[in-house]
Structures are given as C-alpha cells and as structure tokens.
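Engineer: Can you look at this prediction? I've put the sequence above it.
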Amino acid sequence: MKRRFFCNEDKKKEYVGLVVSGYRTEHVAREHGMSPSALREWVRQYWDEVEADMVKKKQQADQLAKETQDLQKKYEQAMKMLGEKELEIAILRDLVKKNDSTVEFRLQVALPWIAAGYAIRTVLRICGVPRSTYYYRLKHPLTKHASKGGRPIPGYSWNNRSEKVPDGRIKGYIRNLLAREEESTYGYRKLTKCLRRRYGLCINKKKVYRLCKALGVLKPQREITNRVPRKLANNREVTGPNQLWQMDIKYGYVTGKRRHFYLASIIDVFDRCIVAYHRGKACDTQDIKRIVHHGLLKRGVFEADQRLVIRTDNGPQFISNAFHVYSEEMGFEHERTPNKTPNKNAYIESFHSILERDCYQRNSFETYEHAFTAVDRFIRFYNERRMHGSLHDLAPAEYLRQYELGLLEPQKIAL
C-alpha cells in the first residue's frame, strides 16, 4: 500500500508557486517526494490564487525597488551638492586671500582645482569665470615679460652746446643755487628752471628731483589739513519744526548763455519747507551765511529753546573756517555727512530731484533773469501750493500752519 503525502494548504500553494514560476510538475513532485497527479490536482485548484499572489508580490517588489532607486538618486544628489558646497567654500577661501576681483586672478585660482580633477563647469561657476575665457586662455596663455628695470642712469646730461655735463657737476650747480639767498627756498621744480636758464642744461624735473634726493636737500611735503573740526551727522528723531535743517547746492544751466548758475537751498526736515535759498552766478561762503541768517530770522530760531542743527555735505563753502565761526556765533550746531553718503541728506536731495524734474527739465533758460524768475516761482509754488504725500497731501506751509494751531498730530521722523 502506497504512503499518502499530507501537507497543509500554505505548503501546497508553495509547490504550486514553483510550477507557476516555470518548473515542470514531474520535477517538483520528484524533488519533494509527492505524486505528480496530486501536484496536478493542487495546480488546478490553486493556480489562479497563487498566480494573483505572485503578481501582487512582484508589483510590491518593483515598487520597493523603484523607491530604493529614487532614494539612492536623492542621496547621490545630496552628496553631490554637499561636495560642491565644500568645494565652493575651499575655492572662496583662496579667492579672499588676496583683494583682487579681476578675471585673470579668479582664473588663476580656478586652474589648480581643475587640474586636481574637479568639474570644469562647477569650478568656473564658483570662481565667476566664463567658460569662453578659460578655453581662450588654454589656446592663448599669458606670457610674463621679464622686467628690464628701465633705462640705466647715464650719469650725465647735455647742455645747449651739445656737451656732456656729469651729474657731479650738476650737483655742484644745485649746491651753488641753494647757497644763494634768493634761490635757497626753491624746490626741485624751480631749481630745474634755474639750471636750464643759468647753465643751459637740457634736464627735466624728475632728474633734478633724483639729484636733490641724493644730496638730501628736498624740502618736506606740506600737509594739507583742515583746521575746522568736523562733526559727523548722527541719527536723530525730529518731532517739530526748526530742529533739523538740511542744506545743499545744486547747479542749473542757462542754455542761452551756455553757463551754469547756483542754487543753495535750506529745507526744514519736519515740514519740508524751503526756509531760505540763494540763486546766482556764484555761491561762496558769504552767500551761505546770508541765507542761513535770513532763515534764522524768518523762523525766529533765536527765540527757540531747542538748539537748531544744520546738516550739510563737505562742500568748500561748508567746511570753511568762516562758516564754522559763524555757526559758533549764531549758536546753531553744524554737522556734516560722511563722504559718499547722500542718503544722510536725503530731504534736500529729494527737493533738488523734484526741482530738476518739474522746473529745470521743463524750461530752457535763455538768460540768468529767466532762470532766476522760474526758480523763484517754483519755490513759491512748492512751499505754498504743491501737495506733499508724506504731509497728508498738504503743502508745506499749510502743514506748518495746522501744526502750530494744533489741528494735527505731529509725526516723528527718524533719520
């Protein structure tokens, strides 16, 4: 009697799965010690179910493989970005070692990194060098010319009679000139003129400078210093009129005369009023003092409790000793903006921009009188009728009047 083969349902499905995968029925039966007829019966019974399970598992495996592949790509991209960032930091360290922003210097920094095997496109992008420049330099490398040190010193000069005069004799001439009372205060430029006129030498000032330096008779350079103390503009908060004025000078052009004229204006930062101004063919320190004095009287600043501050740039009229003495006498504080900071004088610069756009560019002045009349008319219009967006669409004079009557809340201006 034959021994019967018993197994559970999961095991049967496993054998059927082998057949579904492509193995022959007889081979599977013989391999696992079962009857081929029994295996065929199981195949007929579980084929569809096993096949569906296998398809589902295959789809899950494919999905998992795809997700793993995507994660691998993201990981590689992240590592690539990290590597590029580290490369960028290292290259930037080389770039900042020397304060040079030329393309040639940046290309010289890029070349060692390219030679080390890093991507050409990446290195050039970090260094800010066009690829065309890199490939051009590969074909046309820069050649360094050895410095020859200039022409050697001949040791002589020529005179008007085509005779050589040695440097030792020229030094004697210089000593003789400096020994005289009249020429003892001359510098090397005037000594050059004396050598040409008195001794007939064909010599230039550079050689005389070199010979004077060798003799030790050069006078020290004059130090140009401004004795007027400079008070830099500070950050301030303006809460009322006559606390901070700004002043500047603007040019205008008279087409008919082909000449310029000057306009010096003072603006009150609080109410944007043009307190006083000067227009004329010239503008010196006396003109500036006159309009400041006119503004002080017009606004009654002498009676105010708070000290007035007038801010200007570093023009010659404002840094003069006369204006400094005048500010001390009148009792107002004069402060000057740092160099190249027009934003510190923004309100007067803004007014001059409006003046340029609405007055200068809309007129072609034929005479000075025509220009002065147009400027007077525009400043009256600006003060009395022109609406100002930051003043609740009121004119500066009307805004000041309502502030003095207590009809509006004063705004604080931080600058």
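Structural biologist: Perfect, thanks for sending it.
Engineer: Now do I174 against E404, distance only.
Structural biologist: According to C-beta to C-beta, to the nearest Å, I174 and E404 sit 74 Å apart. To be clear about C-beta, it is placed using only N, CA and C from the backbone, and glycine gets the same treatment.
Engineer: Please say which of the two ends up with more neighbours.
Structural biologist: I174 (22 against 11; other C-beta atoms under 10 Å).
Engineer: isn't that one right next to K207, touching?
Structural biologist: No. The pair I174 and K207 does not pass the contact test of C-beta atoms under 8 Å, sitting 11.0 Å apart.
Engineer: if I look at P229, how far off is E333?
Structural biologist: 12 Å.
Engineer: confidence score at the nearest residue to R385 once chain neighbours are set aside?
Structural biologist: Counting by C-beta to C-beta, 6 or more residues apart in numbering, A395 is the residue found nearest to R385 once chain neighbours are left out, at 5.4 Å. A395 is assigned 95 on the pLDDT scale.
Engineer: and if you look at H324?
Structural biologist: At H324, pLDDT is 92.
Engineer: Can you tell me the SS state at it?
Structural biologist: helix (DSSP: H, G, I helix; E, B strand; the rest coil).
Engineer: what sits against the closest residue to it other than its chain neighbours?
Structural biologist: Excluding its sequence neighbours, the residue lying closest to H324 (C-beta to C-beta, 6+ apart) is V228, at 4.5 Å. Residues near V228 by C-beta atoms under 8 Å, 6 or more residues apart in numbering: I319, S320, N321, H324.
Engineer: how about a cut-off of 7 Å?
Structural biologist: I319, N321, H324 (C-beta atoms under 7 Å, 6 or more residues apart in numbering).
Engineer: now N99
Structural biologist: By C-beta under 7 Å, 6+ apart, N99 has no neighbours at all.
Engineer: separation between it and F105?
Structural biologist: 10 Å.
Engineer: likewise V275?
Structural biologist: Distance from V275 to F105, by C-beta to C-beta: 52 Å.
Engineer: likewise T68?
Structural biologist: For T68 relative to F105 (C-beta to C-beta), the value is 46 Å.
Engineer: And the two? Which one has more around it.
Structural biologist: Neighbour count, other C-beta under 10 Å: between T68 and F105, F105 has more, with 15 against 10.
Engineer: so who does that one touch?
Structural biologist: Counted by C-beta under 7 Å, 6+ apart, F105 has contacts K98.
Engineer: so it is in which element?
Structural biologist: helix 103-115 (DSSP states H and E).
Engineer: Packing partners of the helix or strand following that helix?
Structural biologist: With elements assigned by DSSP H and E, the helix or strand that comes after helix 103-115 is helix 120-127. Contact analysis of helix 120-127 by 3 or more C-beta pairs under 7 Å, 6 or more residues apart in numbering; DSSP states H and E lists helix 36-96, helix 103-115 as its packing neighbours.
Engineer: ok now the longest one, how far from the chain's centre?
Structural biologist: This means helix 36-96. With C-alpha atoms, centre = their mean, to the nearest Å as the basis, helix 36-96 stands 50 Å off its chain's centre.
Engineer: next one: the last one
Structural biologist: The gap between the average C-alpha position of helix 103-115 and the chain average comes to 24 Å, counting by C-alpha atoms, centre = their mean.
Engineer: mind listing what's buried in that helix?
Structural biologist: R106, L107, Q108, V109, A110, W113, I114 (16 or more other C-beta atoms under 10 Å).
Engineer: what's the answer for stretch 314-333, then?
Structural biologist: Buried residues in stretch 314-333, counted by 16+ other C-beta under 10 Å: G315, Q317, F318, I319, S320, F323, H324, Y326, S327, M330, F332.
Engineer: what's near enough to touch the first one?
Structural biologist: Yep, that's G315 we're talking about. I249.
Engineer: got a pLDDT number for it?
Structural biologist: pLDDT, G315: 92.
Engineer: what's the burial count for the nearest residue to T122 once chain neighbours are set aside?
Structural biologist: With C-beta to C-beta, 6+ apart as the criterion, T122 has its nearest non-adjacent residue at 6.0 Å, and that residue is E84. Counted with other C-beta under 10 Å, the neighbours of E84 add up to 16.
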